[in-house]
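>>> Below are the sequence and a predicted model for it; my questions follow.
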Amino acid sequence: MANSQLILRTRSRRRLGFVLPVMAAIIAVAPWTLAQTPARERTAEIYDYQGPDRSARLVERAKQEGSLVLYTTMNLKDSGPLTEAFEKKYGVKVTLWRSSSEKVVQRAVAEARAGRHTFDVAETNSPELEQLVREKILAPFWSPALADLPPQALPKHRQFAPDRFNFFVIGYNTNLVPPDEVPNTYEDLLQPRWMGRIGIEANDVDWFASIVKAMGETKGLEYFRQLAALRPQMRTGHSLMGELVASGEIPLAASIYNHDIQRLITEGAPVAWKALEPTFGRASGIALSRNAPHPHAALLFADFVLSREGQEFIRAHERAPANLTVESPLNKIRFQLIDPGILLDEGDKWEKLWATLFLKGQPPKKEGG
């Protein structure tokens, strides 16, 4: 498969150097006429159209296309109900390929280099989407739902839009951590009682970099040196970390996604979570291929996912929806979004520091699946 032929590190800042096909001619046609229009012009016209008949035209053309291909990192128990609801509503089939964010990038770039345009929609973490932007694989789009998203989460290039947030919180076992010992600040994690009792996800380099930048580099690096001196347990996988906290193997996780711990709470596990300030969130977003084989279906799917209706499905699975019209306790968190460029532009620096402090000098092993 193409992914096995291309090794692409997500922290790479270098362009891969592929050249998009040169357009032979630009033919002046009506905005929604597809047959004679080069793909780049065709998708731009579709994605940016805001006329009063937009909704009716989009649904009609999407049904004519009949299907779309989605590459996503959202696990199947969450993405399955979402895509099924879309299919039921519009009669447009979704072919879903789910993998890690790194593999989504690998596959999309490998296909582009080979001149194959397979996927219509990508849904993954914002750093990986930003990488696809830099590789000129995505295209700007407009959706009426954009008005309901946090303005600070919308990139100026409009080539992806946030559909959910992963907030980094602390998670703890309520049987092992008494209420009066639950940390209220990052500094509380440095108490001697936490020696060997804290878990940290081994790939959370952008979380680390963001906190260091917020504290100021000198103070921030000293803070993490003191945290590393407490010999935290390093594990790969946020879901695994949550399970270890629930089982009592690790009393407290210093970096865990809110939805992983909330899902365990819903299942009755003896766990709880708290957001320390500043709380950092990593946006996941939805993006459209500039060479989408099914551009109308792609845009219709983006509309659906970003709408209140689609976002309710995301909330129902304990995730933090991006649409502000959807009521969620997580809307009340004062948060800062992690800059997706941290690992793309400064990845070598932060990964080296992280590895030295927490991984005995070994590079992080990417979380699979």
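Looks like it arrived, so ask away.
>>> Restricting to C-alpha, output whichever strand or helix holds Asp348 in PDB.
Per DSSP states H and E, Asp348 falls inside helix 341-358. The C-alpha atoms that make up helix 341-358 are tabulated as PDB, following Å, rounded to 0.1, in the frame of the first residue of the first chain:
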ATOM      1  CA  GLY A 341       2.700  24.900  13.900                       C
ATOM      2  CA  ILE A 342       4.600  23.900  17.100                       C
ATOM      3  CA  LEU A 343       5.600  20.500  15.900                       C
ATOM      4  CA  LEU A 344       5.800  21.400  12.300                       C
ATOM      5  CA  ASP A 345       8.100  24.400  12.700                       C
ATOM      6  CA  GLU A 346       9.800  23.600  16.100                       C
ATOM      7  CA  GLY A 347       9.400  19.900  16.400                       C
ATOM      8  CA  ASP A 348      13.100  19.000  16.600                       C
ATOM      9  CA  LYS A 349      13.700  21.400  19.500                       C
ATOM     10  CA  TRP A 350      10.700  20.200  21.600                       C
ATOM     11  CA  GLU A 351      11.000  16.500  20.800                       C
ATOM     12  CA  LYS A 352      14.700  16.600  21.800                       C
ATOM     13  CA  LEU A 353      13.900  18.400  25.100                       C
ATOM     14  CA  TRP A 354      11.000  16.000  25.800                       C
ATOM     15  CA  ALA A 355      13.000  12.900  25.100                       C
ATOM     16  CA  THR A 356      15.900  14.100  27.300                       C
ATOM     17  CA  LEU A 357      13.600  14.800  30.200                       C
ATOM     18  CA  PHE A 358      11.100  11.900  30.100                       C
END
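>>> List the buried residues of it.
Neighbour counts using 16 or more other C-beta atoms under 10 Å place 341-344, 346-347, 350-351, 353-355, 357-358 of helix 341-358 among the buried residues. Where C-beta positions appear, they are placed from N, C-alpha and C, glycine not excepted.
>>> just stretch 228-235 next, same as before
Of all the residues in stretch 228-235, those buried under the rule 16+ other C-beta under 10 Å are 228, 230, 232-235.
>>> what does stretch 207-227 contact?
Contact partners of stretch 207-227, identified using C-beta atoms under 8 Å, 6 or more residues apart in numbering, comprise 168, 186-187, 189-190, 198, 254-255, 278, 280, 282, 336, 338-339, 342-343, 346, 350, 353-354, 357.
>>> about what we covered before: okay, the buried residues of helix 341-358 in TSV with distance to Ser247 and pLDDT next?
Shown next, in TSV, are those (distance: C-beta to C-beta, whole Å; pLDDT from 0 to 100):
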residue	distance to Ser247	pLDDT
Gly341	37	84
Ile342	32	86
Leu343	31	82
Leu344	36	88
Glu346	36	92
Gly347	33	89
Trp350	31	96
Glu351	30	95
Leu353	31	97
Trp354	26	97
Ala355	28	97
Leu357	26	97
Phe358	22	97
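>>> Let me know the closest of those to Ala298.
Relative to Ala298, the closest of those is Leu344; by C-beta to C-beta it sits at 24.5 Å.
>>> For the closest residue to Asp339 other than its chain neighbours, give its distance to Ala253.
Using C-beta to C-beta, 6 or more residues apart in numbering and skipping residues adjacent in sequence, the residue nearest Asp339 is Ser210, 7.5 Å away. Ser210 sits 17 Å away from Ala253 when distances are taken as C-beta to C-beta, to the nearest Å.
>>> Neighbour count: the two, which is higher?
Of the pair Ser210 and Ala253, Ala253 is the one with more neighbours under other C-beta atoms under 10 Å, namely 29 against 23.
>>> before we move on, what SS does that one have?
Secondary structure, DSSP: H, G, I helix; E, B strand; the rest coil: Ala253 is strand.
>>> Cross the buried residues of stretch 228-235 against helices and list the overlap.
Among the buried residues of stretch 228-235, DSSP state H puts Ala228 in helices.
>>> okay, the buried residues of stretch 228-235 in JSON lines with pLDDT and distance to Tyr47 next?
Converted to JSON lines, the buried residues of stretch 228-235 look like this (pLDDT from 0 to 100; distance: C-beta to C-beta, whole Å):
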{"residue": "Ala228", "pLDDT": "98", "distance to Tyr47": "46"}
{"residue": "Leu230", "pLDDT": "98", "distance to Tyr47": "49"}
{"residue": "Pro232", "pLDDT": "98", "distance to Tyr47": "45"}
{"residue": "Gln233", "pLDDT": "97", "distance to Tyr47": "46"}
{"residue": "Met234", "pLDDT": "97", "distance to Tyr47": "42"}
{"residue": "Arg235", "pLDDT": "95", "distance to Tyr47": "41"}
